[in-house]
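In: sequence unknown, structure follows:
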């Protein structure tokens, strides 16, 4: 018997807290049957929860390993983590994994080979590339994966963050070498059952551009995470309200979704927790929902999704100083506009910041890059008519309040 659905805010929702993302899961599995994949989307939109669910319930005759790369600083550290988790997987009792049971005694020889692959002893010098030290070892692991046709999906979370750390601790050349090896690995494993699925809340193309590397290194087929549909979002609210003992009418649920303007699980859960704190006992009216939206979601301090989106523009991983200023002005103007923005509006903002036409022509790609990044990172959406709006009502209203 399943447990009542409960709210989960902060850490990724897993197990009984997880709201099934069936459509995205099916898309990912179909895509992985074809090739290696990139799974993209802003922070706090549920990517990690989806990957953890895939790890818990992998495709038939396959295992999935979730590897968080955000804290790693070098290619040897990445290789060490893959070796460690592969070894741990192969030590699983065979009766718990069908494909391991079929492999039989062959697993012992693979384990023995893994134990002979050692990354210890590699001495890294800050600011210096180390590819000549780690690539031969990485090639040994690649050969092992290819020859033994291990049906493992390596899910590499925050891969672009990892590359950014490699660049900071070593050099862009080391990033280029890491990507070159990774491209070779994907090509050599393309016809086998081993797959890589990379995720990132910052764009790989933007990172490569900042490092002066070719965007051609980003050759993944990709799937973007999408918000819950309206039907799913209303179901999410209904199930969790019931699980938490919150009285929440259908009209109130519809109003929550209408005010937020997007069905990200974290935002829905945060709003529901505000209802639980301030109006759960009486069952909030539509008017109560509007008041909670203004007082708690827009002006309160628990809306971590919008807070992170707001502060993230100040971090160095996204933009140069001029790009950041342009992004801030675009968002500041758009959140106060009653209409969507088109290319003329963005050109006007750019010209206001860089009045000299000759100088602005030297920055011809700057505006395109900023808009691409704001779309990728979940700030803006481009409508079918080509005009841009904020990606949600809550982000627009939060921005308007915090830039007043």
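Out: Structure received. None of the values given here were measured: they were computed from a predicted structure.
In: Check the offset of whatever helix or strand residue 23 lives in from the chain's centre.
Out: Assigning secondary structure by DSSP states H and E places residue 23 in helix 22-34. Centroid separation between helix 22-34 and its chain, computed with Cα atoms, centre = their mean, to the nearest Å, is 16 Å.
In: and that helix, what other elements does it pack with?
Out: The contact analysis (3 or more Cβ pairs under 8 Å, 6 or more residues apart in numbering; DSSP states H and E) places helix 22-34 against strand 37-40, helix 47-56, strand 195-200, strand 221-224. Backbone N, C-alpha and C define where each C-beta goes, glycine included.
In: which residues touch that helix?
Out: Outside of helix 22-34, the residues within contact range by Cβ atoms under 8 Å, 6 or more residues apart in numbering are 37, 39, 50, 53-54, 59, 153, 195, 197, 221, 223, 225-226.
In: try 7 Å this time
Out: With contact meaning Cβ atoms under 7 Å, 6 or more residues apart in numbering, helix 22-34 is reached by 37, 39, 50, 54, 59, 153, 195, 197, 221, 223, 225-226.
In: Now the weakest link among the helices and strands packed on helix 22-34, please, by mean pLDDT.
Out: Mean pLDDT is lowest for strand 221-224 among these, at a mean of 86.
In: Only the buried residues of that one, if you could.
Out: Neighbour counts over strand 221-224 (16 or more other Cβ atoms under 10 Å) mark residue 223 as buried.
In: Distance from the chain centre to that strand, please.
Out: With Cα atoms, centre = their mean, you get 11 Å for strand 221-224.
In: So in that sheet, which strands flank it, and in what orientation?
Out: Strand 221-224 sits in its sheet next to strand 37-40 (parallel), going by DSSP bridges.
In: Can you list the buried residues in the strand it pairs with?
Out: So, applying 16+ other Cβ under 10 Å, buried residues of strand 37-40: 37-40.
In: Stretch 43-58 too?
Out: Result for stretch 43-58 [16+ other Cβ under 10 Å]: buried residues 43-55, 58.
In: quick one: which of these is nearest to residue 13?
Out: residue 49 (4.8 Å; Cβ to Cβ).
In: and the contacts of helix 22-34 as a markdown table, adding distance to residue 366?
Out: Formatted as a markdown table, the contacts of helix 22-34 follow (distance: Cβ to Cβ, whole Å):
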| residue | distance to residue 366 |
| --- | --- |
| 37 | 30 |
| 39 | 28 |
| 50 | 34 |
| 54 | 38 |
| 59 | 42 |
| 153 | 38 |
| 195 | 36 |
| 197 | 32 |
| 221 | 28 |
| 223 | 28 |
| 225 | 27 |
| 226 | 29 |
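In: contacting residues for residue 306?
Out: 394-395, 398.
In: Would you check how far apart it and residue 65 are?
Out: Shown here: residue 306 relative to residue 65, a distance of 32 Å by Cβ to Cβ, to the nearest Å.
In: cool, and residue 364?
Out: Counting by Cβ to Cβ, the gap from residue 364 to residue 65 is 43 Å.
In: Spell out, range by range, the helices that occur in the stretch 51-200 of the chain.
Out: With DSSP state H, counting those that start in this stretch as the criterion, the stretch 51-200 of the chain has helices at 75-90, 98-103, 106-116, 131-148, 159-169, 172-188.
In: low-confidence ranges in this protein?
Out: 1-3, 94-95, 101, 103-106, 127-128, 201-203, 215-218, 280, 316-317 (pLDDT under 70).
In: tell me the domain boundaries of it?
Out: 20-224, 230-302, 312-402 (automatic domain parsing).
In: looking at these, which is closest to residue 4?
Out: domain 230-302 (3.6 Å).
In: gap between the two ends of the closest one?
Out: Distance across domain 230-302, first residue to last, is 23 Å (Cα to Cα, to the nearest Å).
In: Around the nearest residue to residue 86 once chain neighbours are set aside, how many other residues sit close by?
Out: Closest residue to residue 86 apart from its sequence neighbours, by Cβ to Cβ, 6 or more residues apart in numbering: residue 114 at 6.3 Å. Residue 114 sits with 18 neighbouring residues when counted by other Cβ atoms under 10 Å.
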